[in-house]
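**Q** no sequence for this one, just the structure:
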C-alpha cells in the first residue's frame with residue numbers, strides 16, 4: 001500500500017485576500033493506492049488482505065477512510081489525473097503544491 005499525501009500548502013504572498021482564502025481552505029489530503037501482489041508473494045501463496053472501496057480501505061473488520069482510494073488495478077495515468085493534475089493547476093496559479101509518496 002502506498003500512502004500519497006497531497007496538498008495545496010500556501011498562498012502566493014502577492015494577494016492578501018487570496019492568501020487568506022487559500023489559508024482557510026488549505027488542508028492536507030491523503031490518497032492511498034493499494035499495490036498488487038508481487039510475483040514472489042503470489043508464488044508463495046499470498047493473497048490480498050485489503051479491500052479498497054472509495055473512500056475506505058478495509059482490513060478485516062477495520063475500516064480506514066481517506067480522501068481518495070485506488071485499488072491495485074488503477075494505472076499511473078488515472079492516479080496522476082486524480083491526484084497530481086489538479087495540484088498542477090493550483091501551482092500554476094501561484095500556490096505551493098506537494099505530492100509525497102511514502
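**A** Noted; the coordinates are in hand. On a predicted model such as this, the values are computed, not experimentally measured, just so you know.
**Q** For the residue nearest the centre of the chain, which non-adjacent residue is spatially closest?
**A** Nearest to the mean C-alpha position of the chain, by Cα atoms, centre = their mean, lies residue 31 at 2.3 Å. Counting by Cβ to Cβ, 6 or more residues apart in numbering, residue 68 is the residue found nearest to residue 31 once chain neighbours are left out, at 3.8 Å. For every residue, glycine as well, the C-beta is placed using N, CA and C.
**Q** got the contact list for that neighbour?
**A** 29-32, 54-55, 82-83 (Cβ atoms under 8 Å, 6 or more residues apart in numbering).
**Q** Tell me the buried residues in whichever strand or helix holds the residue nearest to the centre of the chain?
**A** Assigned by DSSP states H and E, residue 31 belongs to strand 28-33. Across strand 28-33, burial judged by 16 or more other Cβ atoms under 10 Å covers 30-33.
**Q** can you give me the strands in this protein?
**A** 2-10, 28-33, 50-53, 56-59, 62-65, 68-70, 96-99 (DSSP state E).
**Q** pLDDT of the third one, averaged?
**A** Here the mean pLDDT over strand 50-53 is 86, rounded to a whole number.
**Q** what's it in contact with?
**A** 1, 32, 34, 57-59, 69-72.
**Q** so what pLDDT did the nearest residue to residue 87 once chain neighbours are set aside get?
**A** Distances taken as Cβ to Cβ, 6+ apart place residue 97 nearest to residue 87, at 3.9 Å, with adjacent residues excluded. Model confidence at residue 97, expressed as pLDDT, equals 81.
**Q** can you check residue 61 too?
**A** Reported pLDDT for residue 61: 90.
**Q** cool, and residue 93?
**A** Value for residue 93, per-residue pLDDT: 83.
**Q** so how far is residue 87 from it?
**A** Between residue 93 and residue 87 the computed distance is 11 Å (Cβ to Cβ, to the nearest Å).
**Q** Which one's more surrounded, these two?
**A** residue 87 (19 against 13; other Cβ atoms under 10 Å).
**Q** so the nearest residue to residue 74 once chain neighbours are set aside bridges to which residues?
**A** In space, and not counting its chain neighbours, residue 74 is closest to residue 33: 6.5 Å by Cβ to Cβ, 6+ apart. Beta-bridge pairing of residue 33 under DSSP bridges involves residue 2, residue 70.
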